[in-house]
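[1] how would this look folded up:
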Amino acid sequence: MNYETKSYSKSAFSIQNYSEQKIEGRTFYLVKTNVFNEIMQGVLVEAVTMYPEKFGTGNALDVIQAISLIEPIFDFENFVEFLRTEQFCYIVEIHSGVIKDEVLRIDLFRKLSESRDEFIGGIFHALKHFSYNGTNLSIGKDINDILNIDQIIEIAIKGFFFFPKEAANKKKFVSRIHLNDNYNLKFAFHYEEKPGVFFIDTIFKEPKKVSH
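    Next up is the predicted model:
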């Protein structure tokens with residue numbers, strides 16, 4: 001909270017906010033805020049299904065508006081700030097009953113671009129490369145259908161914990177995982193030393209190098 005000069009932070013969670021996920025024999029624990037979980041588990045897919053015209057437009061505010069139509073909690077501007085602030089999932093790995101050092105945090109989105117049409121960081125940025133029943137899940141044009149949003153969380157876990165992170169500098173790291181025959185999915189992470197947490201800056205498609 002102090003590091004990011006926020007007026008509040010979420011730092012304690014009930015046991016219902018924890019879930020265990022096993023991937024390739026390794027054990028991870030996910031700690032989600034209620035809003036992050038609700039949007040990922042149902043609201044986003046409902047919004048895509050009911051308001052497909054709001055997705056793939058290149059405008060982040062359209063996506064937020066579609067979600068707000070499903071969950072009309074606040075006026076729109078307050079809703080944007082509500083989704084941006086402290087709505088996240090922490091991911092840690094457990095090995096032999098011990099929490100390993102690296103912690104990954106995935107926000108819904110870290111912020112909007114100055115033009116307010118682009119999600120910066122977080123899962124909403126990543127989702128522009130994926131779709132549900134032929135409709136992009138964010139602001140992008142890519143049609144790459146997934147069955148549910150949990151697949152994106154698993155992809156993020158693999159990108160962070162399973163593949164080598166190349167250091168661009170002391171704070172910036174990148175990794176790559178296979179997406180399809182033509183593209184890798186490239187992750188860019190940044191590490192904040194004071195809170196001791198890694199964040200996803202961006203995820204984007206990168207053409208695979210053609211070997212000769």
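[2] What mean pLDDT does the longest helix along the chain get?
    Counting residues, the longest helix found in the chain (DSSP state H) is helix 60-70. Summarised as a single mean, pLDDT over helix 60-70 is 96.
[3] outside of it, which residues touch it?
    39, 43-44, 46-48, 50-51, 54-55, 74, 76, 79-80, 83, 109, 112-113, 116-119, 124, 138-139 (Cβ atoms under 8 Å, 6 or more residues apart in numbering). (C-beta placed from N, C-alpha, C; glycine too.)
[4] Show me which of these are buried.
    39, 43-44, 47-48, 51, 54-55, 79-80, 83, 109, 112, 118-119, 124, 138-139 (16 or more other Cβ atoms under 10 Å).
[5] Find the nearest non-adjacent residue to Ala188, please.
    Asp201 (4.3 Å; Cβ to Cβ, 6 or more residues apart in numbering).
[6] for Glu93, same thing?
    Using Cβ to Cβ, 6+ apart, the closest residue to Glu93 is Lys100 (4.5 Å).
[7] next one: Thr57
    Of all residues apart from its sequence neighbours, Ile139 sits closest to Thr57 (Cβ to Cβ, 6+ apart), at 6.5 Å.
[8] Find me the pLDDT at the one you found, would you?
    96.
[9] Regarding it, what are the backbone dihedral angles?
    phi -100, psi 0 (degrees, to the nearest 10).
[10] What count of nearby residues applies to Asn2?
    Using other Cβ atoms under 10 Å, Asn2 has 8 neighbouring residues.
[11] Is it in a helix, a strand, or coil?
    coil (DSSP: H, G, I helix; E, B strand; the rest coil).
[12] low-scoring pLDDT stretches of the chain, where are they?
    210-212 (pLDDT under 70).
[13] What segments of it are helices?
    Using DSSP H, the helices of the chain run over 34-38, 44-50, 60-70, 76-84, 122-126, 150-157.
[14] Could you give the separation of the third one from the chain centroid?
    I take that to be helix 60-70. 17 Å (Cα atoms, centre = their mean, to the nearest Å).
[15] for the fourth one, same thing?
    For helix 76-84, the distance from its own C-alpha centre to the chain's C-alpha centre is 17 Å (Cα atoms, centre = their mean).
[16] I would like the residues contacting that helix, please.
    35, 39, 61, 64-65, 67-68, 73-74, 107-112.
[17] What ranges does this protein have for its strands?
    18-23, 26-32, 88-95, 98-107, 111-112, 119-120, 131-132, 135-136, 166-167, 172-178, 183-192, 197-207 (DSSP state E).
[18] now these as CSV including distance to Lys6?
    Below are these laid out as CSV (distance: least, Cβ to Cβ, whole Å):
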stretch, distance to Lys6
strand 18-23, 23
strand 26-32, 18
strand 88-95, 12
strand 98-107, 12
strand 111-112, 12
strand 119-120, 16
strand 131-132, 32
strand 135-136, 30
strand 166-167, 28
strand 172-178, 23
strand 183-192, 13
strand 197-207, 14
